[in-house]
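Undergrad: after the sequence you'll find the predicted model.
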Amino acid sequence: MAKLLLHLQAPHLASSFNRRTLSFIISNSNSSSYSSLQCRFALPLSSSSSSSSSLRRCFSLRAFDDNAPETKRVEKEETDASNEAPMSSDVVRTRDEDYPSGEFEFQKFGPWRSFLVKLKMLVAFPWERVRKGSVLTMKLRGQISDQLKSRFSSGLSLPQICENFVKAAYDPRISGIYLQIEALNCGWGKVEEIRRHILDFKKSGKFVVAYIPTCQEKEYYLACACEEIYAPPSAYVSLFGLTVQASFLRGIFDKVGIEPQVERIGKYKSAGDQLARRNMSEENCEMLTTLLDNIYGNWLDKVSSTNGKKKDDVENFINEGVYQIEKLKEDGWITNIQYEDEVLSMLSERLGLPKDKKVPMVDYRKYSRVRQWTVGLSGGGDQIAVIRAGGSITRVRSPLSVPSSGIIGEQFIEKIRTVRESKRFKAAIIRIDSPGGDALASDLMWREIRLLAASKPVVASMADVAASGGYYMAMAAGTIVAEDLTLTGSIGVVTGKFNLGKLYEKIGFNKEIISRGRFAELLAAEQRPFRPDEAELFAKSAQNAYKQFRDKAAFSRSMTVDEMEKVAQGRVWTGKDAASRGLVDAIGGFSRAVAIAKLKANISQDSQVNLVELSRPSPTLPEILSGVGSTIIGVDRTMKDLLQDLSLGEGVQARMEGIMLQRMEGFSYGNPILNFIKDYFTSL
C-alpha cells in the first residue's frame, strides 16, 4: 500500500485528563477500516504483500510549522463556494460577557403547578415511584462518560448525573442528596460541570452531603462544593499536588535497532519527541507547565474560596504533605470523621425518622429513569437538537464497534442532516468530548456542521477535551463554549516512519521490493531510511496537510492566517486560555450552551425549550447480558473498547496523542512496564 498516511494529530493529550500525572504515551489509532496505527513496528508473522507490511510498520504524527507563510485574511469570497458554507453568526464575534450566563435559578413551584406535579406522580410509571422524604444517592467514581447510557449500560453518564441534580432540586419527594465520591477517572471539564450542578442544587435549600473514602485532588474538589463532608477514619488521603511526566522511547529503539525518522514541523508538537528524543524539549516543557499551572491554580482558587481560606494558606497546607484524615478534620477541611452507617444515622435524625427506621434511598440508576415530565420540568414548544460526539473519530463503523463506541462520521453526518432538513429544530448543540481521530471524517463532519450553521444557530459545547479532530468539528459552529479546563486547540501536523533496517539485520530478516514509480516505496520500504527526495516529499506533504487544517481554522474563526499561526503550532490550550486567544467564544458548561442557543434562535431566556437528544443509545445484546449478569457473562466495557481499538484502520488522522493525567495513590502498582502498557491502551 503505497498510500501516504498523514495524521492530523492533536498534541499529546488523551481524552481522559485525569489527575496527578501527565504521562506521555503513544496513541494507537485503530479501527477496522482505517489503517493508521500511529506508532507501529510489528514484525510480519506471516507472508503478506508489501502494502500490508508497510501499513503495520508506518507511523505518522503531526505537528505545526513555526513559519507562517503569507499574511492574508481568510474571507468567504476567497474560498471556493463549493467547499465552504457561510456561518449564520456574525463575523464580529460576541464577547464572553455579552452572552447569557445560563446560570441555574431555582424557582419554587406555585400551588397550581405543585398540584399538577403531584398528579403526574400519581400516574407515573411504577419505576418512577419514589418514597416521600427519600435521599438521592449517587456514587461518583471511575469513568464518567459524556454520552447517555441505556438502562443496561454500566458506568456513569455525565448528562444523566446533571439531570438528576436538576430533577432532585424540584422533586418534592427528594429531601437531599448523599454523594459517595471515590477515585475519579475523568477530566477536569466533567468535574467542573458536576461541581457546578452541586452548587446549583444547593439553591433549592435541600442538603447535599459528601462521603469520601478516598481523598485526592479531584475528589476533594467535588466534595468541598457540598455543605458537609464526611470520611471514615481509615480513608485514603493523599493531597500532594499535581505532577507532569513525559516518557521517551528513543533509548529503547536504539537498543533494538529501530530508527524513528520524524519530520518535526511545529515547535509545540511533541508526539515525535516521544520517539526521536531522549528528554523533554523546552517548548513542550513550556506548554505542559502552562497547562499544569492553570489546573493547579484553578484548584487552589476554588478550594480556598469554598473553604473561606486564603490561597496561600491552602497551598502551604498542601505542601505539608496531607495524608492523615485527622489533619483534614483539625484544619476544617472536612466536617467530621465518621463511618458510613454513622453518617446515615445522622441523616435519619435530620429527617426526623425513628431510630429503627432506615433512611429511604433512591440510587442514581433508578432515579435516572424518572422523566423530567414527572417532576414538572418538561414543556416548551421550541425544540433544540442535541448531538453528542464523544470518543475517537472514525469515518465508518467497524465490525467490532458497538453503538456507543466513539464518533462514527457517517452516522454523525446523518444526524446533522436530519437537523438541517427538519423545520422543528430552532437550533442545535454539538456536545464534543473527543481527542480526534480520522482527519477525513473530521473534515466531512466540519463541512456538514457548517452547512447546518448556515441555516440555523449551532453551538459547540466542549467537555473534557475537544482537540485536533475534536476542535476541527467545533470550529465549524457559530459559537464555541468550553469549560475553564477543557483541553482544546492542537491544530497541526508531524509525519514520519520507522527505519527497521538494523532490527531486521539483528534478527536475520530480509525484505526486497520490486516497485514502479519514483515514490512507490515511500512507506513500503521500512528496511531502509528515506532517500533525500523521499524525505523532501514527506516534509512537503506534512506542510500541505498542516496548511489545510490551519487555514480552515482561520477561516472558521474569522482570523488571519498569521493570527491563527500564533495560537496553532500544535499547542494545546485550556478553555480559559483558548478563549483569550479567539479559539473559544465563551466559558461555561452545557447549560450556558443552551442559553446561547436560545439567544441565537431568538427564544426568550425565560422560556422553556425541549432538548431533543439525537444520540440516545440503543442497548446491544452484550450490554443487556452485561446488565443482567456481568459476573457470569464477564462482558466488560473495557474489553469491548479494547477490541474496537485493536481493529486495523485506514485513513488520515486528526488525533491528540499521548498525554494522560494519571491518578497516583501514593504507592506504585506492580511492574512499571505493565503500567506503561496499561496507560498506552487507556489512551487509545
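TA: That came in fine, so what should we check first?
Undergrad: low-confidence bits of the chain, can you list those?
TA: The chain contains residues with pLDDT under 70 at 1-93, 152, 264-266, 271, 398-405, 493-495, 616-684.
Undergrad: quickly list the domain ranges of it.
TA: Domains of the chain are assigned by the TED database as 111-240+321-373, 382-511+518-618.
Undergrad: Lys203: how many residues sit nearby?
TA: 13 (other CB atoms under 10 Å). In short, each C-beta sits where N, CA and C put it, glycine included.
Undergrad: just to revisit the earlier point, figure out which of the domains of the chain is closest to Arg250.
TA: domain 382-511+518-618 (12.0 Å; CB to CB).
Undergrad: for Asn284, find the nearest of the domains of the chain.
TA: From the domains of the chain, taking CB to CB, the stretch that ends up closest is domain 382-511+518-618, at 9.6 Å.
Undergrad: looking at the domains of the chain, spot the one closest to Arg278.
TA: domain 382-511+518-618 (16.4 Å).
Undergrad: out of everything not next to it in sequence, what's closest to Arg592?
TA: Gly102 (3.6 Å; CB to CB, 6 or more residues apart in numbering).
Undergrad: assign a three-state SS to the one you found, would you?
TA: Of the three states, Gly102 takes coil under DSSP: H, G, I helix; E, B strand; the rest coil.
Undergrad: from Val419, how far out is it?
TA: 21 Å (CB to CB, to the nearest Å).
Undergrad: between those two, who's got more neighbours?
TA: Each of Gly102 and Val419 has its neighbours counted (other CB under 10 Å); Val419 has more, 25 against 20.
Undergrad: looking at the domains of the chain, which is nearest to Thr290?
TA: domain 382-511+518-618 (7.4 Å).
Undergrad: let me see the ranges of the helices in the stretch 301-450 of the chain.
TA: 311-319, 325-330, 340-350, 364-367, 409-421, 439-453 (DSSP state H, counting those that start in this stretch).
Undergrad: need the winner for burial among the ones you listed.
TA: Among these, helix 439-453 has the highest mean neighbour count (mean count of other CB atoms under 10 Å), at a mean of 24.
Undergrad: for that one, output the C-alpha coordinates as CSV.
TA: Presented in CSV, the C-alpha positions along helix 439-453 are these (Å, rounded to 0.1, in the frame of the first residue of the first chain):
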residue,chain,number,x,y,z
ALA,A,439,-9.0,13.5,9.7
LEU,A,440,-11.2,12.8,6.6
ALA,A,441,-14.1,12.1,8.9
SER,A,442,-13.4,15.3,10.8
ASP,A,443,-13.3,17.3,7.7
LEU,A,444,-16.6,15.8,6.3
MET,A,445,-18.3,16.5,9.7
TRP,A,446,-16.9,20.0,9.6
ARG,A,447,-18.5,20.6,6.3
GLU,A,448,-21.9,19.3,7.4
ILE,A,449,-21.8,21.4,10.6
ARG,A,450,-21.0,24.5,8.6
LEU,A,451,-23.9,23.7,6.2
LEU,A,452,-26.2,23.4,9.3
ALA,A,453,-24.8,26.6,10.8
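Undergrad: check which element follows it along the chain.
TA: strand 458-467 (DSSP states H and E).
Undergrad: after that next one comes which helix or strand?
TA: helix 469-474.
Undergrad: how far is that following helix from where the chain is centred?
TA: Here the centre of helix 469-474 is set off from its chain's centre by 12 Å, with CA atoms, centre = their mean, to the nearest Å.
Undergrad: likewise stretch 167-182?
TA: Counting by CA atoms, centre = their mean, stretch 167-182 comes out at 26 Å from the chain centroid.
Undergrad: gap between the two ends of it?
TA: 23 Å (CA to CA, to the nearest Å).
Undergrad: could you list the buried residues of it?
TA: 167-171, 173-182 (16 or more other CB atoms under 10 Å).
Undergrad: mind listing which of those residues are in strands?
TA: Ile174, Ser175, Gly176, Ile177, Tyr178, Leu179, Gln180, Ile181, Glu182 (DSSP state E).
Undergrad: quick one: residues contacting the residue nearest to Arg592.
TA: Applying CB atoms under 8 Å, 6 or more residues apart in numbering to Gly102 gives the contacts Gly588, Gly589, Ser591, Arg592, Ala593, Val594, Ala595, Ile596.
Undergrad: filter the residues you listed down to the ones in helices?
TA: Ser591, Arg592, Ala593, Val594, Ala595, Ile596 (DSSP state H).
Undergrad: isn't the last one up against Val459?
TA: Translated: Ile596. Yes. Ile596 is in contact with Val459 according to CB atoms under 8 Å; the separation is 5.2 Å.
Undergrad: what do the two both touch?
TA: By CB under 8 Å, 6+ apart, the residues touching both Ile596 and Val459 are Thr479, Val481.
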